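Student: Predicted coordinates and the sequence they were generated for:
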Amino acid sequence: MGEKVLMKGNEAIAEAAILAGCRHFFGYPITPQNEIPEYMSRRMPEVGGVFLQAESEVAGSNMVYGAACAGARVMTTSSSPGISLMQEAISYMAGAELPCVLVNIVRGGPGLGGIQGSQADYFQATKGGGHGDYRLIVLAPASVQELMDLTITAFDLADMYRIPVMILGDAILGQMMEPVIPGRRGKADLPPKTWATVGAKMRPKNVITSLSLDPAKLEQHNFDLGKKYNKIADEQVRYKTYMTDDAETLLVAYGTCARISQAAVDMARERGLRVGLFRPVSLWPFPYEALQLAAEESLRVLTVEMSLGQMVEDVRLAILGSKPVRFYGRTGGMTPTPREVLEEIERIVEEGI
Amino acid sequence: MKKVFGRPEALTDVPTHYCPGCTHGIIHRLIAEVIDELGVCEKTIGISPVGCAVLAYDYFNCDFVEASHGRAPAVATGIKRTLPDSVVFCYQGDGDLASIGAAEIVHAATRGEKITVIFVNNAIYGMTGGQMAPTTLPGQRTTTSPRGRDVESAGHPIRVAELLSSLSGVAYISRVSATSPANVTKAKRAVRKAFETQIEGKGFSLVEFLSTCPINWGMSPLEAMKWIDDKMSLYYPLGDYTRVPEVG
């Protein structure tokens, strides 16, 4: 185990990428994630890697596409409006089955929005922000340590399944400082990148494209992608629970809201209320079955998000109407306090929902 | 019997989908001949555009990547920065390069990316059926400029070679055509020089081809060749465009 160091969330993501063997970073400045490109511009030359500030998120994400084609471990990072601009390349990378890591340090929207933390990009991240039938693996860290660990994991998952993986953080996680034990690249058994376009030496040429003019072939490609997504859904569900065993009120929250909700659980327990927290760590694949099981003994479910209510739709799909699912959210860059969440818990307990 | 002419090894043995009288086929062949002559097929990665040449990867024998519309120079940047010893070329049309991809080509050029861009300018959107391009000539009729391009409302055509030649990262730019055997010979020299510029690590290189689109221009192949010589090359003069000298 390494020594603990104090790191900012954004820097932890950047260093995690280096630790994971990422040597190619393309990005464009946008608040609140600028520490990542700044860190990379310093760090990449030290490790013999490539840092390039692109002319736009559109170009940066297409540079990622190119580097991924050439077999690199590659990453780009941005925040909400920039991620919207990347949707073209993300759809192409999903279609061409290219591994890469994307980081969204979410800020309030829509439009130019604001620069404070938000969770309003859940739909975009998990339901396919670009065109076509595709999925990203979406991981939602809730601490600086998890930003580090899940970023390293993201590179392995990307290579394992040939899929873009997104880390969905927010301005609060990106900006806060916490002690971190630097992670280490695991010994994942990863497939060789025989498909990469690195020059057709001693083999037939490789072509990387998402174009398929024959609809029957394109349908088959989509079926194959679907099989892959089903396999990921079987193998890569991640979640954490906190005091759920006897919970009458089950909170469901991810990322920053999970931290806030956990504090609210502690406050509620002090008042004798049986409250627990279910925290999805993989937002896609969403832990439907695990949540259904966790909610089995509870009377009610309360989803807490920094949005108008996005993940709550998946929570309802998991609960399938078997008990009431309530929503509490702040949005536009506003953050719920543990006390606000506690008050909402008390309200719904009192109402007997 | 001595074989004096054949298919370059860098081209596949399949018929292309290009229309009769279109010079995409000649341009493909020139690139393939240069790849063969330089002996770099095994380390060449091509990038095809969105447009008529989207399927270029079917016709070349090297590794190929299909880029989204206009982004070939960004994709090429990602590849070349990962594989600095490779030879990377983009094949782009006028809509792809000069309209939707204007930012990507300008920035790849000004960064001096060590890539080669083959820019095929036929003054029209071919694949989508003959709409106005950023390089459509003033007064030229297209399906979206049915009364002829009115520069007052539609703006002026972009001279890409001249525009990019003002950027310091550019090492070689030339504008050529394939309208006669003499022009084809000159064009091949330019393509070869562009690839050599990349291989020697000098910086960004681009060859702009004035190319035909007889179908969408509503001309016979011969008329189309003549239109390039008589009309297009007046607005887009052929020749080398040396970059401006470094200042300071």
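Tutor: Sure thing, it's come through. Numbering: from 1, shown residues only, chains lettered A, B, ... in the order given.
Student: what are the ranges of the strands in the stretch 251-353 of chain A?
Tutor: For the stretch 251-353 of chain A, the strands defined by DSSP state E, counting those that start in this stretch cover A:275-280, A:282-284, A:300-305, A:325-329.
Student: Among these, which comes closest to chain B?
Tutor: Proximity to chain B, assessed across these by Cβ to the nearest Cβ, is greatest for strand A:282-284 (23.0 Å). The way it works is simple: take the backbone N, C-alpha and C, and place the C-beta from them, glycine included.
Student: for that closest one, packing partners?
Tutor: helix A:122-126, strand A:137-139 (3 or more Cβ pairs under 8 Å, 6 or more residues apart in numbering or on different chains; DSSP states H and E).
Student: what's near enough to touch the closest residue to chain A within chain B?
Tutor: Closest contact between chain B and chain A, by Cβ to the nearest Cβ, is at B:G78 (2.4 Å). Shown in contact with B:G78 (Cβ atoms under 8 Å, 6 or more residues apart in numbering or on different chains): A:24, A:26, A:62-70, A:72, A:74.
Student: Which members of those residues occur in helices, if any?
Tutor: A:62-69 (DSSP state H).
Student: Could you single out the nearest of these to chain B?
Tutor: Nearest to chain B, judged by Cβ to the nearest Cβ, of the ones in helices among the contacts of B:G78 is A:G66 at 2.4 Å.
Student: Surely A:Y134 is in contact with A:G95?
Tutor: Yes. Judged on Cβ atoms under 8 Å, A:Y134 makes contact with A:G95 at a distance of 6.8 Å.
Student: if we can go back for a sec, chain B is nearest to which of the helices and strands packed on strand A:282-284?
Tutor: Closest to chain B of the helices and strands packed on strand A:282-284 is helix A:122-126 (Cβ to the nearest Cβ; 18.4 Å).
Student: Pull the CA coordinates from that closest one and hand them back as PDB.
Tutor: Taking Å, rounded to 0.1, in the frame of the first residue of the first chain, the C-alpha atoms of helix A:122-126 are listed here in PDB:
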ATOM      1  CA  TYR A 122     -27.300  11.400 -16.200                       C
ATOM      2  CA  PHE A 123     -29.600  10.900 -19.100                       C
ATOM      3  CA  GLN A 124     -26.900  12.000 -21.600                       C
ATOM      4  CA  ALA A 125     -24.400   9.600 -20.100                       C
ATOM      5  CA  THR A 126     -26.500   6.500 -19.500                       C
END
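Student: Identify each buried residue in that helix, please.
Tutor: Buried positions in helix A:122-126, judged by neighbour count with 16 or more other Cβ atoms under 10 Å in any protein chain shown: A:122, A:124-126.
Student: same for that helix, what does it pack against?
Tutor: Judged by 3+ Cβ pairs under 8 Å, 6+ apart, helix A:122-126 is in contact with strand A:164-170, strand A:282-284.
Student: Quick one: those strands as JSON lines, columns for distance to A:L157 too.
Tutor: As requested, these are exported to JSON lines (distance: least, Cβ to Cβ, whole Å):
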{"stretch": "strand A:164-170", "distance to A:L157": "5"}
{"stretch": "strand A:282-284", "distance to A:L157": "9"}
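Student: Would you tell me what helix or strand the spatially closest residue to B:L55 that is not a sequence neighbour is located in?
Tutor: Spatially, and ignoring its direct neighbours in sequence, B:L55 is nearest to B:H17 (6.4 Å; Cβ to Cβ, 6 or more residues apart in numbering or on different chains). Following DSSP states H and E, there is no helix or strand that holds B:H17.
Student: Quickly note the distance from B:H17 to A:L211.
Tutor: 13 Å (Cβ to Cβ, to the nearest Å).
Student: shared neighbours, those two?
Tutor: B:L55.
Student: ok, now which ones touch B:T143?
Tutor: Applying Cβ under 8 Å, 6+ apart to B:T143 gives the contacts B:129-132.
Student: Could you rerun that using 10 Å?
Tutor: B:124-125, B:128-132, B:216 (Cβ atoms under 10 Å, 6 or more residues apart in numbering or on different chains).
Student: Dump the helices and strands packed on strand A:282-284 to TSV, plus distance to B:C90 and mean pLDDT.
Tutor: Converted to TSV, those look like this (distance: least, Cβ to Cβ, whole Å; pLDDT from 0 to 100):
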stretch	distance to B:C90	mean pLDDT
helix A:122-126	30	98
strand A:137-139	31	98
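Student: And what about the residue of chain A lying at maximal distance from its centre, helix, strand or coil?
Tutor: Distance to the chain centre peaks in chain A at A:M202, reaching 38.9 Å (criterion: Cα atoms, centre = their mean). Classification of A:M202 by DSSP: H, G, I helix; E, B strand; the rest coil places it in coil.
Student: Can you give me the neighbour number for the residue lying closest to A:Y254 once chain neighbours are set aside?
Tutor: Nearest non-adjacent residue to A:Y254, counting by Cβ to Cβ, 6+ apart: A:A140, 4.3 Å away. A:A140 is flanked by 31 other residues according to other Cβ atoms under 10 Å in any protein chain shown.
Student: I'd say A:A140 and A:D170 touch.
Tutor: Yes. Using Cβ atoms under 10 Å, A:A140 makes contact with A:D170 at a distance of 9.3 Å.
Student: For the two, list the residues in contact with both.
Tutor: Taking Cβ under 10 Å, 6+ apart as the contact rule, A:A140 and A:D170 both touch A:119, A:255-257.
Student: Could you point out the longest helix of the chain?
Tutor: Using chain A here. Determined from DSSP H, the single longest helix within chain A is helix A:215-235.
Student: The chain in question should be chain B.
Tutor: Looking across chain B with DSSP H, the single longest helix is helix B:181-199.
Student: Can you give me the buried ones in that helix?
Tutor: B:183-184, B:186-188, B:190-195, B:197-199.
Student: swap in stretch B:116-134?
Tutor: Across stretch B:116-134, burial judged by 16+ other Cβ under 10 Å covers B:116-127, B:130-134.
Student: measure that stretch end to end?
Tutor: Using Cα to Cα, to the nearest Å, one end of stretch B:116-134 lies 21 Å from the other.
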